[in-house]
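**Q** Generate coordinates for the sequence data below:
(one chain, ligands or ions: 3)
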Amino acid sequence: MALALYRKYRPKLLGDLLGQETNVEILKNAARQNRLGHAYLFYGPRGNGKTTAARLIAKLLNCEKRHTDSKFAQLGEPCNECLSCREIDSNSSFDVIEIDAASNRGIDEIRNIKDSIKSAPVGGRYKVYIIDEVHMLTGPAFNALLKTLEEPPSHAVIVLATTEYEKLPATITSRVQRFLFKKQPKTKIMEKLAAIAKAEKIDIEPSALELIAAAGEGSFRDSESLLDQIASFGSKIDLKTAERLTGRTGFKKVEEFAELLLKNDLNASLEYISVINEEGLNLVQFVKDLIHHLRKVLSLKLNPGLEKIFTLELTAEEIIRLKKLAVHGDTAKNIKLLKSLIRAYSEMRYSPFLSVPLEIALIENSEAGK
Ligand SMILES: Nc1ncnc2c1ncn2[C@@H]1O[C@H](COP(=O)(O)OP(=O)(O)O)[C@@H](O)[C@H]1O
Ligand SMILES: [Mg+2]
Ligand SMILES: [Zn+2]
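**A** Ligands and ions are numbered 1, 2, ... in the order given. Predicted coordinates:
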């Protein structure tokens, strides 16, 4: 079986981690000065580079070339050629121990770590323990971890990772170097997907690529897995195929529909909904996307300066169309529309009549509903 795309394209250098520039700079500098810490906490939403960065630390600590070539060591990157680097890349190094705290939550598991961490590394100079989903540990397990976290043996480094920083006790967070791995905007994820598509010779329409980036909701991994899945369906991927396979409507449909609403075309908008429904696309997700879109239209109308913020989420072309849309309708009416859509959205999630709450919202906001 071929290696999954998200594993094949896992960044092999700190410099390849997209959108995490501050973290990358700090870690590179620490590596250059041989001052990597003994305990780290990487936190932030899934699929943004926490595990990747943890493994990069393991590579930096054990890279043979860094130890033999002082000039190379100044790059603050692993060589990716020596045995140690290659073993870590292929997940076969005995010195990198990854523990999933979600399924190893208790004090016994932490005691096991405390025992095994004492023994010297097998191949390299350092053992690196990566404890994922660390917020899942029980209270006693956290307590048992404190001492080791504060003073691990000199041959060991501990990297904690979590998506839920708030669930960690302060006793833990105060003993580690903390790094936030920020959720990345759609445009950043599109950048990477486009590079993968090119390298893999996947022929995909930009709008389809954008749909996949949006569907990942800020996770590189989710988007890359989706691309993997969709690419296996055929040689040429257009927006329609991507919509069919993800069940998610592309941005174009959301735009078109928003325009119908803002132009008060009730008949056309009701018809649009029935088409989306018949195509088997996810109507709830569609309304969610629509709410986000109209919110942007409204914000842009009230404060054109916000355009800068949206450049992260939207392509330049989309912003032009968004601005065009912003001239329609008056603000009070748009706010009312947005409110009814939000209500329709929460009702739709529990309603057996999926499209009805949405239809009612549209009628309420049209001239006919007055
Ligand atoms: N910042 C990033 N830049 C480029 N690719 C990334 C980034 N973060 C995640 N990825 C991609 O997503 C995959 C999963 O990332 P990972 O580091 O395991 O995420 P998590 O934050 O959930 O630990 C990687 O193999 C890589 O392909
Ligand atoms: Mg991870
Ligand atoms: Zn190396």
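
**Q** Nearest to ligand 2: which residue in the stretch 151-300 of the chain?
**A** Of all residues in the stretch 151-300 of the chain, Ala161 sits closest to ligand 2, at 5.6 Å by CB to the ion. No exception for glycine: its C-beta is placed from N, CA and C like everyone else's.

**Q** Is that residue in a helix, a strand, or coil?
**A** strand (DSSP: H, G, I helix; E, B strand; the rest coil).

**Q** Burial check on the residue in the stretch 101-250 of the chain that ligand 3 sits nearest to, number of neighbours?
**A** Residue of the stretch 101-250 of the chain nearest ligand 3, by CB to the ion: Gly124 (9.6 Å). Gly124: 25 surrounding residues under other CB atoms under 10 Å.

**Q** what's the helix or strand for Thr249?
**A** Secondary structure assigned from DSSP states H and E places Thr249 in neither a helix nor a strand.

**Q** what do you get for Tyr6?
**A** Going by DSSP H and E, Tyr6 is part of helix 5-8.

**Q** Of all the residues in that helix, which ones are buried?
**A** 5-6 (16 or more other CB atoms under 10 Å).

**Q** what's the following helix or strand past it packed up against?
**A** Downstream of helix 5-8, the next assigned helix or strand under DSSP H and E is helix 21-32. Packing partners of helix 21-32 (3 or more CB pairs under 8 Å, 6 or more residues apart in numbering; DSSP states H and E): helix 50-62, strand 177-180.

**Q** Could you pick out the residues of the stretch 251-370 of the chain near ligand 3 for me?
**A** With CB under 5 Å from the ion as the criterion, the stretch 251-370 of the chain does not meet ligand 3 at any residue.

**Q** can you pull the contacts of the closest residue to ligand 2 within the stretch 251-370 of the chain?
**A** Of all residues in the stretch 251-370 of the chain, the one sitting closest to ligand 2 is Leu312 (23.2 Å; CB to the ion). Contact partners of Leu312, counting by CB atoms under 8 Å, 6 or more residues apart in numbering, are 185-188.

**Q** separation between Asp228 and Arg55?
**A** 20 Å (CB to CB, to the nearest Å).

**Q** Of the two, which one has the most company?
**A** Counted by other CB under 10 Å, Asp228 and Arg55 do not tie: Arg55 has more neighbours, with 23 against 20.
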